Structure formats: C-alpha cells, structure tokens
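Chemist: Okay, sequence plus prediction incoming.
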Amino acid sequence: MTHGRGSQGPVADGRHTVVVGGGLAGVTAALALADAGVRVTLLEGRPRLGGLAFSFQRGELTVDNGQHVYLRCCTAYRWFLDRIEGAALAPLQDRLDVPVLDAARPAGRRLGRLRRDALPVPLHLGRSLATYPHLSLADRAKVGRAALALKGLDLADPALDTQDFGSWLAAHGQSERAIEALWDLVGVATLNAVAGDASLGLAAMVFKTGLLSDPGAADIGWARVPLGDLHDRLARKALDSAGVRTEVRTRVTSVSRNANGGGWSVEVPGETLQADAVVLAVPQREAHDLLPAGALDAPERLLEIGTAPILNVHVVYDRKVLARPFFAALGTPVQWVFDRTEASGLREGQYLALSQSVAQDEIDEPVAVLRRRYLPELERLLPLTRGAEVSDFFVTRERTATFAPTPGVGRLRPGARTKASGLYLAGAWTATGWPATMESAVRSGVGAADAVLGALGRPRPQHLFEFEEAA
C-alpha cells in the first residue's frame, strides 16, 4: 500500500470512516468528513485517483481518457475545484458561445453559433435562436414555445421520469431537424442519450437548470491542464493536507457489520480496517456486490441501472488545423471536437480530441475502422486538415462511462442512506437529481458526508458546499 498522511487538517476525534472509491464522489466525501474532524481512510483499487476522469501518458502526450466539461450551474463541482485549489486551471467562458458546424451545408454557410446575450432569461438566448442558421424560421419559433413549456415543468413530479424526452418534444411541435440540431446537440453531450431514450425528468433538469435558470448558467468550463493534475495530483494534495489516509492499488474485497454491532469491518488484501461508518463511492454494480444483506430493500435494482459508453477519438496533426478551442458538429458522425494541444504538452502540431457520446454502435470497433470513418469527416469539417499529416491516431473507450438516463431510472437510484446503520452510498448514479456528470458525483459525495456527520453528531464544516433550496 501507498499512503499519505497530512498534518495540516483539523484534529480528528476517535471516529473513523472508510471511504471506498477514489473518484470525485469518494474524494469529495473524504475531504468533507476530514474537514469536520473525522478520521478518514480512502481506499482506491486503481493506482490513481479521479475515477473515470483521469489522464495517462502516451509518449510525449499527456492524454485525458475523455473530454470533460462543466457548466457555470455546476456549483458543486466548482466548489470542489475551489477546495482542491484548482479553479484557475479549469476556467469558465466569459459568456456561452458554442460554434456549430453543419457538414451538410455548403462551404461558407456551415457555421452557426449558440451564444447568450447579457439579458434576463429567456431573452438571453433570443437573438442566438433567432439567427441560428441550422433551423428553419418555423422551427425557431416552435423551439421558443417548447422552451417555455419546459420551463413550466415541475422537476419534483415523479411522472416526468416515466416519460421519454423525444415523445415530449414531438408533442410540443419539435421536428426531427430541431431535435438533431438543438435538443440532441446539447442533450447527447450532457445525458449520453438521444432524446427518445432519455428520461423527461433528467432532460428537463438539464435544460431548465442549464439554459432557463440564470443567464450565465450554461457558460462552459473545461480543464486547461490534464485531468490528472486536478483529480489526482491536486486532490491527493488536498487529502493529505486534510489528514486523510489515502491508499491506492487497494481493492476492497468485503464490507461487513461487526458481530457485536459496533461498527464495520472493511477487508482489503492483508488488512482489515475497523470503521464507525463506511461510504461506498463505487459504480453501482460494484456497490451491489459489496453491500451486505438487508442494506437495501431491493438491491437488485442497482443492477437494473444500465450503463452507456463514450468513445473518444484522438488525432494529432503535424500542423494547426483548428483555430477555435472547440466546436460541435451536425451532418456528420463527429459530435464535439476539442483542441487539447497545450494541455497535452504537445510541442509541434495540433492535437484534437473528438468526444463521441451514445457510442453503443462504435465502442468496440477496431481502430482502423474508426480511422477510416473519422479522418475523412474531419476533412469535410476542417479544410486545413486536407494537407496535413496525421502523426498519431488512437482511441480511448469507456464502456460504462455513465449510467443510462432511461425513463424510469429515477426510481432505481438510491439515496445516500442505506438500511444498515453506518453504511452510505455515493456516486454519480445515486439520487442526486442530476445525470451522470462530475457535478452529480460531487453532490453525491457531499450528501454522503452530510449523512455520516449527522449520524456521528458532528457539525457540518462551514465552507462545505451548500445545496440550494430547490435541489
């Protein structure tokens, strides 16, 4: 085992919590508990922290396994960045501005933009939608009416979770083109599902919160450094300073209640840890396997929470081919393209990362097939690629990148508390109200920490993220 002990955190009392899982949910829970003076051990099976938002080396490149972004409305993740002193490394846009290229349109007429003005909701998007070239005049008018209807939905209504977003959009006058060029442009990237396969409840939450709550809510932020610098290096530094014992390469094999009812035993190879409380911050299927009998009324529901893949295509050119930091695309298999040159450490040429959500049909395709598919598409979208040499082409695959946001998934997502006293759940898949995002992961970690602190009778740290009244 490897570990780090810090000396700058608050003085811990005798209460001990074990957090299983070193993704964003587990790191958040560990930091929140340590900040409250609880003694914490964080266990992670991988050799690094960060869960599914991590980096690795490929020659001279530092590669993120996938492109991750967040929005200004992701207040919990922004709190997390502040807590690990990483906010300056993942800045937000001053104002929402998304270039959208339609490969099916003639050259010179391909670019549209989704951007906001400094006006109150919903006028902040009015000019952008009125001039958005990828929709007809009739579609633009109908989009506005659908947005107002969406704004009127009650997110607390459980019936929304039983409906699919695509049927709701069709019932509100949205054409197939409007769904492709606007609703799915946003929804596929945030939900990892097309409208017809997504819960209306989750989709309404995304659009109401991101586009219809505050003028700046959808401003986009992303890391200008490798994700590992944030979610592993800075997170580990923060954990050490808070006094958390962090163990990587340490896979938990079982979690069981002690026979005398006095706490929990957590088994790892070569050691049994004793704890007053345990937070399982692992994927739903791993949580199912570790949960002791009776911890949930219907543990099999965790296995009913589906998963959805994301494919990332990485292309390194010998010269600069893209002048903007990112763009979204229509009329092509390409979805979102980001310039990762500076963050990766590439010294010559340009490195583009294509983020491909809803990748069920492509996730197992051979690299050669994907190369033949995507390089010509990039040539259609970016004329400067036609004379450029491809110096590297590779893919990263996350087969279980997110939980599937299908209709009915809401009833399957458990809260932080289990029926077993002292055992708690965290993870983006738990009942945060958000889809599977970094924001959801951090919120779940805060929620689990709150539950532990309540059970241990410890006060909440003053600086800990505060949930909004509507959350």
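Modeler: Arrived safely, thanks for sending.
Chemist: Touching the longest strand belonging to the chain from outside, list them.
Modeler: In the chain, assigned by DSSP state E, the strand with the most residues is strand 390-403. The contact list for strand 390-403 (C-beta atoms under 8 Å, 6 or more residues apart in numbering) reads 52, 58-59, 61, 63, 65-66, 192, 283-284, 305-318, 349, 363-364, 367, 370-371, 375, 409, 413, 428-429, 435-436. (Each C-beta comes from the backbone N, C-alpha and C, glycine too.)
Chemist: could you point out which element follows that strand?
Modeler: Moving toward the C-terminus from strand 390-403, the next helix or strand (DSSP states H and E) is strand 423-425.
Chemist: All the helices of the stretch 1-150 of the chain, in order from the start?
Modeler: 24-35, 75-83, 126-130, 137-151 (DSSP state H, counting those that start in this stretch).
Chemist: then the longest helix belonging to the chain to PDB, C-alphas only?
Modeler: When the chain is parsed with DSSP state H, its longest helix is helix 438-456. Presented in PDB, the C-alpha positions along helix 438-456 are these (Å, rounded to 0.1, in the frame of the first residue of the first chain):
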ATOM      1  CA  MET A 438     -18.900  15.400 -12.400                       C
ATOM      2  CA  GLU A 439     -21.500  17.600 -10.800                       C
ATOM      3  CA  SER A 440     -23.600  14.600  -9.800                       C
ATOM      4  CA  ALA A 441     -20.500  12.800  -8.400                       C
ATOM      5  CA  VAL A 442     -19.500  15.700  -6.200                       C
ATOM      6  CA  ARG A 443     -23.100  16.300  -5.000                       C
ATOM      7  CA  SER A 444     -23.300  12.700  -4.000                       C
ATOM      8  CA  GLY A 445     -20.100  12.900  -2.000                       C
ATOM      9  CA  VAL A 446     -21.400  15.900  -0.100                       C
ATOM     10  CA  GLY A 447     -24.700  14.200   0.500                       C
ATOM     11  CA  ALA A 448     -23.000  11.100   1.900                       C
ATOM     12  CA  ALA A 449     -20.700  13.100   4.100                       C
ATOM     13  CA  ASP A 450     -23.700  15.000   5.400                       C
ATOM     14  CA  ALA A 451     -25.400  11.700   6.300                       C
ATOM     15  CA  VAL A 452     -22.300  10.400   8.100                       C
ATOM     16  CA  LEU A 453     -21.800  13.700  10.000                       C
ATOM     17  CA  GLY A 454     -25.500  13.600  11.100                       C
ATOM     18  CA  ALA A 455     -25.100  10.100  12.400                       C
ATOM     19  CA  LEU A 456     -21.900  10.800  14.200                       C
END
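Chemist: Just the buried positions in that helix, please.
Modeler: Going by neighbour count (16 or more other C-beta atoms under 10 Å), the buried part of helix 438-456 is 438-453, 455-456.
Chemist: Equivalent analysis for stretch 409-423, please.
Modeler: For stretch 409-423, a neighbour-count test (16+ other C-beta under 10 Å) marks 409, 410, 412, 413, 414, 416, 417, 418, 420, 422, 423 as buried.
Chemist: Mind picking the two most distant members of those residues?
Modeler: 409 and 422 (27.3 Å; C-beta to C-beta).
Chemist: Now residue 210. Its backbone dihedrals?
Modeler: Phi and psi for residue 210, reported as degrees, to the nearest 10, are phi -80, psi -40.
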